[in-house]
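Student: Sequence first, predicted model second:
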Amino acid sequence: MLWLKERVITSIADSVLNSEELDKTVAHLLVATRNDGYAQGYAECSHHVVNALKVDGETSKSATHGVDTEVALAAAKTQFNTLQLPVMDLITVALQSEDYVTWL
């Protein structure tokens, strides 16, 4: 059990935390979150300016004009929540073996 704790569990955690799939998915989620936050913030700020100055707002030159950042963020969240890591598939196979310690 000590070997399992010191070697296998640490190795599995390292494999998960250092997986390219996880890195890419988290990076994609961060970008989508930032873009949606920017778009929502810009829209809210524009709304306040238009109300304060009592003018018609022109947002067509905004970087987020016509971009549905909410849908992109929802897709990134779904991608993260359904992420499948190859190392986890290997662990599932190993644990189904009678000699799972050797497999791990």
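Tutor: Cool, the structure landed.

Student: can you pull the buried residues of the biggest helix by length in the chain?
Tutor: Across the chain, the longest stretch assigned as helix under DSSP state H is helix 20-53. Using 16 or more other Cβ atoms under 10 Å as the test for burial, helix 20-53 gives 22, 25, 29, 32, 35-36, 39. C-beta coordinates here come from the backbone N, C-alpha and C atoms, glycine included.

Student: Can you tell me what sits against the helix or strand following it?
Tutor: Downstream of helix 20-53, the next assigned helix or strand under DSSP states H and E is helix 69-81. Contacts with helix 69-81, where a contact means Cβ atoms under 8 Å, 6 or more residues apart in numbering, come from 25-26, 28-29, 31-33, 35-36, 38-40.

Student: Can you lay out these as TSV showing distance to Ile91 and pLDDT?
Tutor: Output for the contacts of helix 69-81, formatted as TSV (distance: Cβ to Cβ, whole Å; pLDDT from 0 to 100):
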residue	distance to Ile91	pLDDT
Thr25	19	95
Val26	21	95
His28	24	96
Leu29	24	96
Val31	30	94
Ala32	29	94
Thr33	29	93
Asn35	34	89
Asp36	34	90
Tyr38	39	84
Ala39	39	83
Gln40	39	82
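
Student: For the protein, give me the ranges with low pLDDT.
Tutor: Low-confidence segments of the chain (pLDDT under 70): 1, 57, 59-65, 103-104.

Student: now the spatially most distant residue from the centre of the chain: how far from Ala43?
Tutor: Distance from the C-alpha centroid of the chain peaks at Lys54, with 39.5 Å (Cα atoms, centre = their mean). Between Lys54 and Ala43 the distance is 18 Å, computed by Cβ to Cβ, to the nearest Å.

Student: Could you do Arg7 as well?
Tutor: Taken as Cβ to Cβ, the span from Arg7 to Ala43 is 52 Å.

Student: Please apply the same query to Gln96.
Tutor: In terms of Cβ to Cβ, Gln96 sits 51 Å off from Ala43.

Student: What of Val50?
Tutor: 11 Å.
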